[in-house]
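need the 3D shape of this:
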Amino acid sequence: MDTVNDEYRDYRHYLYAGRKAPGTIEQRLGDLERFQRTTGLLPRKATARELLTYMSNGYSDWSPSYSKRIRGTLRSYYQWRVQDGRASEDPSESLPPIKVPKRRARRPAPDEVVLAAFDSGTLVERAIIALAASMGLRRNEIASLPLSARDGSTLRVVGKGSRERVLPLDSDTLHLLVELEGQVLPGQHYYFPGRFPGTHLHSHTVYEYVKRLMPEEFPHSLRHRAGTKGFRETKDIRATQELLGHASLATTEVYIESDLRDVAALTRATSMSRIRNPSSQPLTGLEDLIEAAAKLGSQLAPFGWDVQIIRSSQPAPDATVGVQ
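Numbering: from 1, shown residues only. Got it, this is the predicted structure:
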């Protein structure tokens, strides 16, 4: 009879045959081992009632997304056991589906914090920050980034679910990667090598690099910064989805922090005053005024007018903007 390790080995082969990402495979096996440690039960001998008890015990401590993941692992494992002829029934079949509520966008790392850390970091630290905060890479994508990923000024990234995306490199990140390539040692295959020949940095080490430079931030908040900043500049959610490597737009929306100025524009558009006077577009702040002046300049340019927005060396108390 197969031992537990034999069964886990065979289940691993099954997941590899299904082209699951390496990170997903380790996550699934880790979930099963955690179930065994927590309950003292061998997963292959657990009953439907024991699985339900395990899931219900996590109600107060687990997030909905984590609960959904654990359910997914259990369903995958027991379905495989039935398909492989190791069991006649699937005890996970009675586990109820889990709905994950839409989350509010997480706070992105502030630009000033990111820039201060970037300016004070080593070459490796600056490259990690740039890949996360500018290119939007996940920490495991950074840790395992192969030297073959760069092709000129583009970067090929293999993310979750083995989904591949090709990203244009900004000049700063490109320069940093070229510098790292200039320090490559014989037998090195990754931008961030591990302790042993031919290996790459562990993703947790990427986390530690970020925390050492920015104690209040995480690799994920840098990634959120890339998504939020990119969307604010372009208003292109599809391009933002491609940058972050999401399969679903719903996931991308979680990474984009709403700008109150955008929301304010919506509420102005739906206000009672706009009903009374549809052509009115009230300007509420300095940025609105500057934007309106810039639009006016572009409209007058074809007629030979050169409209420039300048800031007085001694601005008035009410921050009046001069247009010449």
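
show me the domain layout of the chain.
4-94, 111-254, 263-323 (automatic domain parsing).

quick one: low-confidence parts of the stretch 201-324 of the chain?
257-272, 274, 278-292, 294, 298, 309-324 (pLDDT under 70).

circling back to that earlier point, which of the domains of the chain sits closest to Pro101?
Between Pro101 and the domains of the chain, the tightest spacing by C-beta to C-beta is seen for domain 4-94, at 6.3 Å. C-betas here are computed from N, CA, C, even on glycine.

what is the end-to-end distance of that closest one?
Using C-alpha to C-alpha, to the nearest Å, the end-to-end distance of domain 4-94 comes out at 24 Å.

give me whichever of the domains of the chain is most buried.
Highest mean neighbour count among those (mean count of other C-beta atoms under 10 Å): domain 111-254, with a mean of 17.

out of the domains of the chain, flag the one nearest Lys102.
domain 111-254 (7.3 Å).

what about that closest one, start to end distance?
19 Å.

let's have the domains of the chain in CSV, adding distance to Pro101.
Listed next are the domains of the chain as CSV, based on distance: least, C-beta to C-beta, whole Å:
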stretch, distance to Pro101
domain 4-94, 6
domain 111-254, 11
domain 263-323, 21
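
residue ranges of the helices in the stretch 151-300 of the chain, please?
Along the stretch 151-300 of the chain, the segments classed as helices by DSSP state H, counting those that start in this stretch run 171-181, 203-213, 219-234, 237-244, 249-254, 260-269, 272-276, 286-300.

for Arg71, find the nearest of those.
Using C-beta to C-beta, the nearest of the helices of the stretch 151-300 of the chain to Arg71 is helix 249-254, at 18.5 Å.

which elements pack onto the closest one?
helix 237-244 (3 or more C-beta pairs under 8 Å, 6 or more residues apart in numbering; DSSP states H and E).

check which helices and strands the helix it packs on sits against.
Using 3+ C-beta pairs under 8 Å, 6+ apart: helix 237-244 touches strand 164-168, helix 219-234, helix 249-254.

between those, which gets nearest to Pro97?
The nearest among the helices and strands packed on helix 237-244, by C-beta to C-beta, is helix 249-254 at 16.7 Å.

would CSV of the helices of the stretch 151-300 of the chain with distance to Gly58 be doable?
As requested, the helices of the stretch 151-300 of the chain are exported to CSV (distance: least, C-beta to C-beta, whole Å):
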stretch, distance to Gly58
helix 171-181, 40
helix 203-213, 23
helix 219-234, 22
helix 237-244, 28
helix 249-254, 22
helix 260-269, 36
helix 272-276, 49
helix 286-300, 46
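
out of those, flag the one nearest Gly136.
With C-beta to C-beta, the closest approach to Gly136 among those belongs to helix 219-234: 3.6 Å.

residues in contact with the closest residue in space to Lys160 that isn't next to it in sequence?
Excluding the flanking residues, the one nearest Lys160 by C-beta to C-beta, 6 or more residues apart in numbering is Ala21, at 6.1 Å. Going by C-beta atoms under 8 Å, 6 or more residues apart in numbering, Ala21 touches 160-162.

re earlier: turn the helices and strands packed on helix 237-244 into a markdown table, columns for distance to Thr73.
Shown next, in a markdown table, are the helices and strands packed on helix 237-244 (distance: least, C-beta to C-beta, whole Å):
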| stretch | distance to Thr73 |
| --- | --- |
| strand 164-168 | 25 |
| helix 219-234 | 22 |
| helix 249-254 | 19 |
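
of all those, which one is nearest Lys99?
Across the helices and strands packed on helix 237-244 (criterion: C-beta to C-beta), the nearest stretch is helix 249-254, sitting at 12.7 Å.

quick check: Lys68 touching Ile98?
Yes - Lys68 lies in contact with Ile98 (C-beta atoms under 8 Å); the separation is 4.3 Å.

which helix is the longest one in this structure?
helix 64-83 (DSSP state H).

could you list every helix and strand in contact with that one?
So helix 64-83, by 3+ C-beta pairs under 8 Å, 6+ apart, packs with helix 4-17, helix 22-39, helix 48-57.

out of these, flag the one nearest Ile142.
helix 22-39 (13.0 Å).

helices or strands up against that closest one?
helix 4-17, helix 48-57, helix 64-83.

and of the helices of the stretch 151-300 of the chain, who's closest to Ser63?
Taking C-beta to C-beta, helix 249-254 is the member of the helices of the stretch 151-300 of the chain nearest to Ser63, at 12.9 Å.

for Val113, give me its contacts.
Val113 sits in contact with 214, 216-217, where contact means C-beta under 8 Å, 6+ apart.
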